[in-house]
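S.K.: give me coordinates for this.
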Amino acid sequence: MVKKDFKAGLSASVKAQDAANIKRFETAGSVLANLTAALGKPHQAAPSTSLRPVVVRHTFSMSESDSALLETLQKAAALEGSLLTASDICRIGIHAISGYRGKDVIAAAGELEQLRPGRKY
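M.R.: Okay, the predicted model is just below:
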């Protein structure tokens, strides 16, 4: 049985991690320098390098009446020949109110039934 030199392996691993950290800090420094230089310029979206958008998962609660409304909207879309997921319908709603100003969002939220987060009734 060959005895492994754990000290040498650990040392090499630490050196590799240090080199990776230095590279990350240099990259971050150059990004911040470019950002500082671009503050006077209007914001432009970076071109997408991937074919698919990045998906972010969320969980949230809704009342039974909101869930029923969601199902009704899904069925209405299905009658028109389009299969929409609950996520699609929520995203449509977000895009529909994206032009609202703060007061309009607050007014629309005031019309919703208030739910206790994370709790069943």
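S.K.: shaky segments in the protein?
M.R.: Low-confidence regions of the chain, defined here as pLDDT under 70, cover residues 1-4, 32, 34-50, 118-121.
S.K.: show me the longest helix that occurs in it.
M.R.: Ranked by residue count and defined by DSSP state H, the top helix of the chain is helix 6-38.
S.K.: element containing Ser87?
M.R.: Taking DSSP states H and E as the criterion, the element that holds Ser87 is helix 86-96.
S.K.: just the CA trace of that helix, in PDB.
M.R.: This file holds the C-alpha atoms of helix 86-96, laid out as PDB (Å, rounded to 0.1, in the frame of the first residue of the first chain):
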ATOM      1  CA  ALA A  86     -49.400  29.000 -14.500                       C
ATOM      2  CA  SER A  87     -45.900  30.400 -14.800                       C
ATOM      3  CA  ASP A  88     -46.800  31.800 -18.300                       C
ATOM      4  CA  ILE A  89     -49.900  33.500 -17.000                       C
ATOM      5  CA  CYS A  90     -48.000  35.000 -14.000                       C
ATOM      6  CA  ARG A  91     -45.300  36.300 -16.300                       C
ATOM      7  CA  ILE A  92     -47.900  37.900 -18.600                       C
ATOM      8  CA  GLY A  93     -49.300  39.700 -15.500                       C
ATOM      9  CA  ILE A  94     -45.900  40.900 -14.500                       C
ATOM     10  CA  HIS A  95     -45.300  42.300 -18.000                       C
ATOM     11  CA  ALA A  96     -48.700  43.800 -18.100                       C
END
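S.K.: buried ones in that helix?
M.R.: By 16 or more other Cβ atoms under 10 Å, the buried positions in helix 86-96 come out as Ile89. Using the backbone N, CA and C atoms, a C-beta is placed for each residue, glycine as well.
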